[in-house]
Structures are given as structure tokens and as C-alpha cells.
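K.L.:
here is my input, please return the structure:
(2 chains)
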Amino acid sequence: MRTPIAIVCVAVALAFVPALGLPAFYDSLLYLVLNWIVLATSWNILSGYTGYFSFGHGAFFGVGMYTTSTLLARWNWPFLWTLPAAAAVACALGVALGAIVFRVKGIRGEVFALLTLAVTFVVGTIIVNTPIDGGNGVSLAAVPVPVIGPTPSSTFYLLALAAATVTLLVAWGITVSKLGAGLFAIHDDEDAAEVMGVPTYRYKLIALAISCALAGVAGGIHALFLNYVTVGEVFTITVPLTVVLMSVLGGTRHWAGPAVGAVAITLLLYSFTAANYAVAGKAMVGLILIASILFMPGGILPRLQRTFVRRRVAPTQPPALEPPPVQPAAVATGEVMLAVRGLAKSFRGVQALCGVDVEVRRGEILGLLGPNGSGKSTFINVVSGHYLPSGGSVMFEGQELAGREAHRIARAGISRTYQIPRPFGNQSVLDNVALATLFGAGVSSPAAARREAMTWLTFTGLQGKAHAHPDQLNLHQRKFLELARALASRPRLVLLDEVLSGLTPSEIDDAVALVRRIRDHGSTVVFVEHVMRAVMALTDRVVVFDHGELLAEGTATEVMLRSDVMAAYLGQAYAAPEPAPAEAPSNAERDHA
Amino acid sequence: MPGFLLPSATLLAQSILSGIFVGALYGLLGLGLSLSWGLLRLINLAHFAFAFLAAYLCYQLATMGMDPLLTLVAIVPLFFSLGAALHAALARFELSPFNSLLVTFGLTGIVEAVIQSIWTADFRKLESSYGERHFKIAGLFVPLPELVTLLLAAGLSLAVWAVLRYTDLGKALRASAEDAPIAAAFGINRRRNALLLAGTCSALASVAGVCLALGFTLAPSQIYAWIGVVFAAVMLGGLGRALAPLIAGIVIGVSEAVTMAVTAPSWAPLVSFTLLIAILLLRPGRAA
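P.N.:
Just a heads-up that it's a prediction; the model follows:
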């Protein structure tokens, strides 16, 4: 809690600057710095935290400006009352845009940037051609400026100071909250975040709404500061690029990064302009942008943190307790917990699953087998909500899950692993697991989630790597991190997609023991695997898929001796008539391990 | 907003024609951008800065007495080397497309500052014998600079299309864009090809710049005026395709010109950007 107190203390101290009686132009310069802090920090709340780089900040800023100037010039509203209106209108524009754009998969990175830039020009064109602007801009010369503080020029300074304080408090508050954890996870891997229970659509929309409302307030204040509002000045590419530059320079993953960048760039540009070298200042800013992207991609603040905070010792963890149980003890094992009926999935005509029926019983380990391309991974992807099914039903503990969003399925009690581990690359191993606890298991505070996550790291033997980054782990450890993340949401059903592939024989033994412990801990396991030794050792029952259809069902030993199963795996020539040769399963293992 | 008055047939035909001409310039500017984005994975905002730098050079040489089209002989090789050198420098860093956008934006600011310090922020217009010559075909006014632009745009687009489609170099470039490591494993010299392509893109920018100087008024701040609409043409056409920017550029140019004729000139941006938004929403995969 020291950070917000520090922000407020600095703000209160700065509020006394006008009382010093400095020349009025200092108030204006400081106002500009604060205005850019609000703009850059508000941009960062969506774009820096989630990686959705918006080039539409000029539009939200400009809409705020025009809301305030219209209300002032036409309807004679009192100035301070126009500011909430400016926030509301900018926020409404943002939410309307986000509600459409965030529904379309694939609009990320440069596509999102271009789209938001195009929206800026469209909104600008509409405003300039309608009576809102009238083509010549709106003059606010006749509007009286309310006097706040000791001098007339201090009004804007104090208003911007208040806005900047609120913005920084909000930006900080998000980074330490559940919302922030979700946004940072979206940045690293949106699909994985959704599967772990993060409501990605809603979170992106909330972040955009906050970001736009703050930009709208900044616009409202700036309208009266400029006294004369034109479209050509705000609905451009330069406003968004300036805030991008400030945030990237300061560091987009830190709440204070954009503010650091805003102070640096504004003062730099000002000092060049004051010395009549405005052109050189422009070139300088270009040079800084290039240098910071090429040599300091994380930004100033993370760079400084790495240099100065290294000495801080990693927090000592309390002795890890047993992981929390996943389900009430008094639930009968053996009943059907997941009933999949007629599940189908096609990709543009390719029928990956054509109506399979699978039942999973509570407490069992079910092996899901089949040659490559038989639909096993598709099955997991559809049940976990990663893909929408084309047909069929998925009943889980009496709830219909087919067609639900992945984060709802995660919260219903199903979790999964990815065949190729997909950790959140910018977060520590502990935070990776804590995210699943936070969203999947519904723990509300990030601190409690970390404590619980530690128990899962201990459970999977990764406790020594808690503060490492995922890229410092080897494949074996990454696979176990996937398992820890899947378990941390306290799932009643775990879907494991080839957790053993690529592991050495001794690592496989560890993993097999771990899967057994997962079941003993109370989770039911569905297990996609090619390693026959593990399938034989672990599974209570297996189902075999072939060409998207259910081929066989039963215990591993009896199913693997069936001639149609052997034909599917090894080709028709190997499908020996009954009785099958005893080494058939090990053949399969050699071919597909 | 004025009422939707239907203009006369001649006026409409004339505005369609001028839409084709300006669209050709969109296409020519977009060609290099599309190749660089689609085949090199670099979103090169500095493309516009290079075009303007070439335009100013053409202006400078022409005011010194050189024929504006003849300046291409000096400008094209210069910009080819400039583009190749820039790429050689950037290739050292593994830039994501988005970061390449930011880096080249920084570069654009630097070029803008250089232009402003040499030629000032005032508007400049190239006065040449081309500007005065024009034809009348079927009652329509055809200015020579615009006709030259259209011919250059069409010729260069066709040439690039043919190279990409029929030559080994073109196939190698497309293979590298699709899967660079695999292409390299098949013996494609990716570094050399990329330098060649980057140089070509920049040379195309310089040709567009000369056309710009022939037909338009120049000012350093105008660099940014072209970015939005040319990106719209590139996205509309699809990345890394040679003929698409020209066709998409003409579609946008004509729809803008007709909008201007039917309503007011200030409504023109609405057309191109609404098209861009629609394309991005319906086919986001185009830029992937």
C-alpha cells in the first residue's frame, strides 16, 4: 500500500506549485506534461497491459475535446460539469468500437492499430462535416475559465494534476488487481488465458472503457486550455504515435512507465522548441524512438529496475502446505461426470470429429488413443472451449457446456494442458500458476493466489523454479508447469494433451507417477497419449478414435488386441487375425512414441 | 452538409478520370509498402518519407534546369541503395512487424526534419513544362503529369507481378515470406534477396515521389497525409501482391472522387477509411 500513498503525497506537494508565484508559463508547461501523462498512461491501460496497441487514442481524446467544447459553446454548461460528459462520450465510443472489434478473432497487433487509426479518421471526418465542428473549428474564447487556485493560469494545472493523479492511481490499482493479472495474461497468450478462466472479451472491454474515459477527460480539459478546437490537430496519427512513443520509452508493462516517458519527451521537445530548434527536436524524438525500440525494448523503467532492484532478495515462501482438495470428499466415484454425445467439429469441410460419444466417470483415468489426425486433440480443444463445436452436446455434471466460452468451461471445473507448453512468457513460473488459481479456482486476491500456487509448484516438484521465467525451464519442467497450471484451478476434470511427448524414459516415469498422484488427489483425468507404456500403466479405460469417429472402447489390454485398432494404427497388413501377436502393443509404441 | 445533387455526366466522367489518376498514385505508393510488408514482414512507414525525399530531390534538380522525368536516372539508383542499406541495418535486429512500424516512424520523423531544414516548411510546387501540357480526349481533360503517373504505376506493377510470378527470384522471395527457415534449407539466399527487395521497394517509393512532385504541392507535413489512404489501398488489395495495390488504389481513388463530386471534398476520407474498416473486420487474416 506504499505506492498509492506515495502518488497522493507527490500530488499534494505539487498542488502547492502555483502558490510559489512562478511565471504563468511554468504553469502551462507543467500542465502540458501532466496532460501527456494522463494521455500516455490511459493509453497504456489497454494497449500496454494487453498488447493491443491502439492508434485510436486521438479519436477518444478528440471526442472528449468536442464534447466539452460543444457543451460549453452551445449549451453554456458549467465547465467542470462537461468533464464527466466528455469521459462518458469517449467511453461510449470506445465500448461501441470494442464490442465489435474484440469479437473478431485475429484483430491484433498491426491490424488492430490500423483499424483504430481508420476509426480516428472516420470520426474526424464526420465531426468536421457536421455542425459539431462546422468545418472551421469551435472557438471557446467567450467561455469564462473558472478560477481554481491562486492564479488564473493555475486552473488548468490543478485540473490536470487531479486527472493525472487519478489516472496513475487507476493504472497502479489495475496492475495489482485480478483485472491486471488477466490483462497481462492476455498480452502473453490470449487463448491460453481464456482457457485458464480469464474472461478475455470482458476484460479487454473494461480496459478500453477505462482508457477512453480518462482520455476523454484529458480532452475536455485540453479543449478549454487551447481555447480553439480543430479536427486537424487531434484526429491525426501524431497523437497516438506520441503516446506510443512515450509509453514504449518509459516501459509499457509498468504503471509508471508512460508517465516517465511523457515527462522525458515533453520536456525534451519543449527545450528544443524554446531554443528555436523545433526541427532538431523532431529529429531527436525520432532518434530516441528508434534507439529505444532497438536497444531497450522493455523501456527505461524495467531497465532501471533490473539495475537497482536486483539486490532485493526473492521473498521467502512459507513452508508449502498440501494443495487444497479439488472436490468435496463425499462424492461417489464411478458415476458419469462428463457425457459427450454426438460431438462434431468440421474445419471448412474437413470433418475432424464426426459425432463421437464419450463418457468419463468420476475418479478414473481415461486414455484417449488413436493415430495422428484421428481427432484426439480436436476433442480436447472442443470440450475445453478452444473451438466451438459444429454439433453435439457436452454435459458436465448436469450442465450443458457445448458452445460456451472457454473461460466459463474452465470455471465449471474442467482444465487442460497444451501439447506444446504455452506459458505466459513475461511472467514468473509462480505467477503463471497463480493466474490459474485466481481465475479458475476463483481465489479473489492475488496474494492468496500466489500462496496457493506455491503448493501446486511443490506438488509438481517445481518449487525451486518459482521465481524463474518460463524460458529458463527445460522441456520437462515446462510440461510440469503446464500440469501445475492445469491443477491450480482445482479442476474436477483434467484434460492432458500428450504431456509425455518429447520426454526421456526417466522423465516419463516421473510424469506417470505425477498423473497418478493427480488422480489420487481427487481429479478425474482424460489422457491423450501415444506412449503405450504409460497408457498401459495408467489408464483404467481407453477409447480409441480413428478418422474422427469412435473406434473402440474398453480396457487398454483388450482394446489394443482388436484387429481394427491395430489396422488403424499400423495399417491393414499388421491387422493380424485373432489371436493377435503378443508384441503388437510394443510395435505401436515404437512407431508412435 | 450539402444535398446530394447529381452532377452532370461530363463532370461525373471527369471526376472518375481524376479518381483513376490519383488512385494510380495510391497504388504506386502502396506497391512498395505491400511488398515490404508481405514479403519482408516490415511495415515501412519510412516509405512515405522516402517518397517525399525523392519528390524534393526531383524538385531541386528540376529547378536547377533538369527535366523532371530525367531525374529518375539519378534518383532511382540512389534510393535503391538507401533502401538496401536501411534494410541491412534493420536486419541485424529481429524486429516484429509492429516494432518495425515504430522504428520506421522514428525514421520518418528524422527525414521530415531533414526536409524541413533544407527546404523549409513552406509549400513548394514544381513548375515544369509537363504541368502545362494536357490533352482533351472525348471532352475530358487529361493532364500530362497524371497520365505519366498512371502509365508508370501500371508498368511497374505489371513488371513486379511478372517477376514475382515467373522468375526464380520471385519464387524464392515468395517461398522465404511463407517459411523462411525452410526456404533457407532449400538453398535460398534470404539475406541477398531481402536486400534486393528492400532496395526495390525504396526505388518504387522514389518513382512515386517523382510523380508526387509532378502533380502535387509539397510540404514536409504532407508526408502524413498519405499514410492512411495508402494503407487502406494496401490492405484492400492484400499483402505482397503486385497488381492488387494498383487496382485497390484506383477503386479508392474513384470512390473518393465520386464522393467529392456528389457531396463535398471534405467527405472523401470517409470512403477510404470505411472501406478499410470493413476489410479489416471481415478479413483480418489478410494482414497476418
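
K.L.:
can you count the residues close to residue 88?
P.N.:
Since no chain was named, I'll use chain A. The local packing of A:Ala88 (other Cβ atoms under 10 Å in any protein chain shown) involves 15 other residues. C-beta: built from backbone N, CA, C; applies to glycine.

K.L.:
look at chain B instead
P.N.:
Using other Cβ under 10 Å, the number of residues around B:Ala88 comes to 14.

K.L.:
again, but for the one 5 residues further on
P.N.:
Counted by other Cβ under 10 Å, the residues lying close to B:Phe93 total 14.

K.L.:
wasn't it part of a helix?
P.N.:
No: judged by DSSP: H, G, I helix; E, B strand; the rest coil, B:Phe93 forms no part of a helix; its state is coil.

K.L.:
can you tell me the closest non-neighbouring residue to it?
P.N.:
Distances taken as Cβ to Cβ, 6 or more residues apart in numbering or on different chains place A:Leu294 nearest to B:Phe93, at 5.3 Å, with adjacent residues excluded.

K.L.:
per-residue pLDDT, that neighbour?
P.N.:
A:Leu294 is assigned 86 on the pLDDT scale.

K.L.:
dihedrals phi and psi, it?
P.N.:
Main-chain dihedrals, A:Leu294, degrees, to the nearest 10: phi -80, psi -40.

K.L.:
and for it, the neighbour number?
P.N.:
For A:Leu294, the neighbour count with other Cβ under 10 Å is 17.

K.L.:
again, but for B:Leu281
P.N.:
15.

K.L.:
please apply the same query to B:Arg92.
P.N.:
Applying other Cβ under 10 Å, we find 8 residues neighbouring B:Arg92.

K.L.:
quick one: residues contacting it.
P.N.:
Under the criterion of Cβ atoms under 8 Å, 6 or more residues apart in numbering or on different chains, B:Arg92 has no neighbours.

K.L.:
ditto for the one 4 residues further on
P.N.:
Under the criterion of Cβ under 8 Å, 6+ apart, the contact list for B:Ser96 reads A:Gly109.

K.L.:
look up how far A:Pro297 lies from it.
P.N.:
9 Å (Cβ to Cβ, to the nearest Å).

K.L.:
go on, B:Asp67?
P.N.:
Distance, B:Asp67 to A:Pro297, by Cβ to Cβ: 47 Å.

K.L.:
comparing those two, which residue is more hemmed in?
P.N.:
A count of neighbours by other Cβ under 10 Å puts A:Pro297 above the other of B:Asp67 and A:Pro297, at 16 against 13.

K.L.:
list phi and psi for the more buried one.
P.N.:
Per-residue torsions, A:Pro297: phi -60, psi -20 (degrees, to the nearest 10).

K.L.:
any idea of the pLDDT on the nearest residue to it once chain neighbours are set aside?
P.N.:
Nearest residue to A:Pro297, sequence neighbours excluded (Cβ to Cβ, 6+ apart): B:Asn99, at 7.3 Å. B:Asn99 is assigned 84 on the pLDDT scale.

K.L.:
host element of A:Asp191?
P.N.:
If you go by DSSP states H and E, A:Asp191 is part of helix A:190-195.

K.L.:
what strand or helix carries the residue nearest to A:Pro297?
P.N.:
Element membership for B:Asn99 (DSSP H and E) is helix B:97-119.

K.L.:
what's that helix packed up against?
P.N.:
Here helix B:97-119 touches helix A:109-129, helix A:238-250, helix A:278-295, helix B:46-63, helix B:72-90, going by 3 or more Cβ pairs under 8 Å, 6 or more residues apart in numbering or on different chains; DSSP states H and E.

K.L.:
and the nearest residue to B:Gln14 once chain neighbours are set aside, what does it touch?
P.N.:
Take B:Gln14 and drop its neighbours on the chain: the residue closest to it by Cβ to Cβ, 6+ apart is B:Leu140, 5.6 Å away. By Cβ under 8 Å, 6+ apart, B:Leu140 lies in contact with B:Thr10, B:Ala13, B:Gln14, B:Leu17.

K.L.:
show me where pLDDT drops low in the stretch 151-300 of chain A?
P.N.:
Judged by pLDDT under 70, the stretch 151-300 of chain A has no weakly predicted residues.

K.L.:
just the stretch 1-150 of chain A next, same as before
P.N.:
For the stretch 1-150 of chain A, the ranges with pLDDT under 70 are A:1.

K.L.:
please list the residues of it that sit near chain B.
P.N.:
Within the stretch 1-150 of chain A, the positions near chain B by Cβ under 8 Å from any Cβ of the partner chain are A:53, A:100-101, A:104-107, A:109-111, A:113-115, A:117-119, A:121-122, A:124-126, A:128-130, A:135.

K.L.:
which among those count as buried?
P.N.:
Neighbour-count burial (16 or more other Cβ atoms under 10 Å in any protein chain shown) applied to the residues of the stretch 1-150 of chain A next to chain B gives A:53, A:101, A:104, A:107, A:109-111, A:113-115, A:117-119, A:121-122, A:124-126, A:128-129.

K.L.:
who does the residue nearest to B:Gln14 bridge with?
P.N.:
With DSSP bridges as the criterion, B:Leu140 is bridged to B:Ile137.

K.L.:
how close does it get to B:Glu146?
P.N.:
Computed as Cβ to Cβ, the B:Leu140 to B:Glu146 distance reads 12 Å.

K.L.:
swap in B:Leu280?
P.N.:
Distance, B:Leu280 to B:Glu146, using Cβ to Cβ: 30 Å.

K.L.:
got it, and A:Ala207?
P.N.:
Distance of A:Ala207 to B:Glu146, computed by Cβ to Cβ: 47 Å.

K.L.:
same question, A:Val198
P.N.:
54 Å.

K.L.:
all strands for the chain, in order.
P.N.:
Unless you meant another one, I'm taking chain A. Secondary structure of chain A (DSSP state E): strands at A:138-139, A:228-229, A:336-347, A:350-361, A:365-369, A:391-396, A:399-400, A:414-416, A:493-497, A:524-528, A:541-546, A:549-554.

K.L.:
not what I meant, chain B
P.N.:
All strands of chain B, identified by DSSP E, fall at B:134-137, B:140-143.

K.L.:
gap between the last one and the chain center?
P.N.:
The one in question is strand B:140-143. Put simply, strand B:140-143 sits 23 Å off its chain's centre (Cα atoms, centre = their mean, to the nearest Å).

K.L.:
give the buried residues for it.
P.N.:
By neighbour count on 16+ other Cβ under 10 Å, the buried set for strand B:140-143 is B:Val142, B:Pro143.

K.L.:
CA atoms of it as CSV?
P.N.:
This file holds the C-alpha atoms of strand B:140-143, laid out as CSV (Å, rounded to 0.1, in the frame of the first residue of the first chain):
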residue,chain,number,x,y,z
LEU,B,140,-12.4,15.2,-70.9
PHE,B,141,-9.4,17.0,-69.6
VAL,B,142,-6.2,14.8,-69.3
PRO,B,143,-3.2,16.4,-67.7
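
K.L.:
and it, average pLDDT?
P.N.:
Here the average pLDDT along strand B:140-143 is 80.

K.L.:
and the first one, by the same measure?
P.N.:
Strand B:134-137 comes out with an average pLDDT of 74.

K.L.:
residues touching B:Pro68, list them.
P.N.:
Contacts of B:Pro68 by Cβ under 8 Å, 6+ apart are B:Cys58, B:Leu61, B:Ala62, B:Leu126, B:Ser128, B:Tyr130, B:Val210, B:Ala213, B:Leu214.

K.L.:
mind running it again at 7 Å?
P.N.:
B:Pro68 makes contact with B:Cys58, B:Ala62, B:Leu126, B:Ser128, B:Tyr130, B:Val210, B:Ala213, B:Leu214, according to Cβ atoms under 7 Å, 6 or more residues apart in numbering or on different chains.

K.L.:
next up, phi/psi of the residue nearest to the second one when sequence neighbours are not counted, please.
P.N.:
When you say that, I think you mean B:Ala62. Excluding the flanking residues, the one nearest B:Ala62 by Cβ to Cβ, 6+ apart is B:Pro68, at 4.6 Å. Here is the backbone geometry of B:Pro68 (degrees, to the nearest 10): phi -60, psi -40.
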